[in-house]
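In: Quick one: sequence plus predicted model below, questions after.
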Amino acid sequence: MQYRKLGRTGVEVSTQTLGAMMFGFVGNPDHDECVRMVHRALDAGINFIDTADMYSAGESEEVVGKAIKGRRDEVVLATKFFFQLGEERNRRGGSRRYIVRAVEDSLRRLDTDHIDLYQMHRPDWDTDLEETLDALTDLVRQGKVLYVGSSSFPADQIVEAQWAAERRGGVRFVCEQPQYSIFARSIEREMLPAAQRHGMGVIPWSPLAGGWLTGKYRRDEQPPAGSRFAPSDNPAWRQRTVDVDPSAPARYDAVERLSKIAEEAGLPLTHMALAFVGEHPAITSTIIGPKTMAQLDDLLAAADLRLDAAVLDAIDEVVPPGTDMPGIDHRTGNPSLLPQNRRRP
């Protein structure tokens, strides 16, 4: 396992991040196995773990807290806040009121006295960004949080956050967590260059495009049992995203072409997809999100794999640089894209 500096912080993190989204009832409800997976990752050299308060409604944080007990000093621990938790209407977003409560809840579930990297899970278009940054600055000064970051922010919000922090003499976002994969490359146009200009680390999520780049979803074949698109597991999701999604045929075509490129390179498609993300010079660490130990071992085998120019050029022929496959949603929730804000009254 190799390591890179997280932006300009001086903190070294592994080039793979263990993502804990699948820990808990949403993915793997077996806490003991999840704990073993964390230990396996740490033993393999991963020192960066990413979770969020909303993953399995807090259960993921609890699992991570159990797993790192006795090994806390080995871990650069990251979690996130923003999404609605509970029915109380103010338990969400980027307000000071919510942040001071959310961090205490995360600290309790993680069973730790500080969070190394506290990230805003999505932009809050209804809250003054300066209010959010002021609240996060206070958490850093109190020692509850060491660094702060953003997730799924568009380029203009990344830049605005940097400027706002400078204006107010507060802490700045040291990294961004965007969606990035062979299927989701539009961030190469503006977001990644913005992060590079401001010396931010980048820790992308969904490098396997929700499982599409594992090769397990094939035209006219039933998705494997246990996969997110399996009819028995989530029929509504499969109906919406595979069977009737107009983007599905293009994705099947791309998977077939990419599988051939990987085969000619002597690589599993999964490994090629992970290595592709790590090749971009803006990327600090790629988030892997295994649900089982077998998946974890396979993903670890791709750590620090490099692709040559011929393979990268062939991938560019399938999905050109700076573009997304049809149907990709970067989930920024930007209200400027709503119809009522794109048309004159």
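Out: Yep, it's here.
In: quick one: low-confidence ranges for the stretch 201-345 of the chain?
Out: Scanning the stretch 201-345 of the chain for pLDDT under 70 picks out 220-246.
In: quick one: the strands in it?
Out: Using DSSP state E, counting those that start in this stretch, the strands found in the stretch 201-345 of the chain span residues 201-202, 286-288.
In: Dump the ones you listed into TSV; add mean neighbour count and distance to residue 280 as well.
Out: Where C-beta positions appear, they are placed from N, C-alpha and C, glycine not excepted. Listed next are these as TSV, based on neighbours: other Cβ atoms under 10 Å; distance: least, Cβ to Cβ, whole Å:
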stretch	mean neighbour count	distance to residue 280
strand 201-202	25	8
strand 286-288	25	10
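In: Tell me which of those strands sits nearest to residue 181.
Out: With Cβ to Cβ, the closest approach to residue 181 among the strands of the stretch 201-345 of the chain belongs to strand 286-288: 9.6 Å.
In: Centre of the chain to the closest one, how far?
Out: Its chain's average C-alpha position is 7 Å from that of strand 286-288, according to Cα atoms, centre = their mean, to the nearest Å.
In: And stretch 16-36, by the same measure?
Out: Offset of stretch 16-36 from its chain centre (Cα atoms, centre = their mean): 15 Å.
In: before we move on, what about stretch 257-275?
Out: Mean-position distance between stretch 257-275 and its chain equals 22 Å (Cα atoms, centre = their mean).
In: distance between the ends of that stretch?
Out: From its first residue to its last, stretch 257-275 covers 17 Å (Cα to Cα, to the nearest Å).
In: What of stretch 113-122?
Out: Stretch 113-122 has an end-to-end distance of 24 Å (criterion: Cα to Cα).
In: mind listing what's buried in it?
Out: Using 16 or more other Cβ atoms under 10 Å as the test for burial, stretch 113-122 gives 114-122.
In: so how far is it off the chain centroid?
Out: In terms of Cα atoms, centre = their mean, the centre of stretch 113-122 is set 13 Å apart from its chain centre.
In: And the contacts of it?
Out: Here stretch 113-122 makes contact (Cβ atoms under 8 Å, 6 or more residues apart in numbering) with 6, 11, 50, 52, 54, 75-83, 94, 103, 106-107, 132, 136, 139, 143-153, 173-175, 177, 331-333.
In: who are the neighbours in contact with the residue nearest to residue 111 when sequence neighbours are not counted?
Out: Excluding the flanking residues, the one nearest residue 111 by Cβ to Cβ, 6 or more residues apart in numbering is residue 65, at 3.9 Å. Counting by Cβ under 8 Å, 6+ apart, residue 65 touches 109-112.
In: Including neighbour count and distance to residue 185, could these go into TSV?
Out: Compiled in TSV, the contacts of residue 65 are given as follows (neighbours: other Cβ atoms under 10 Å; distance: Cβ to Cβ, whole Å):
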residue	neighbour count	distance to residue 185
109	20	35
110	26	33
111	14	38
112	20	36
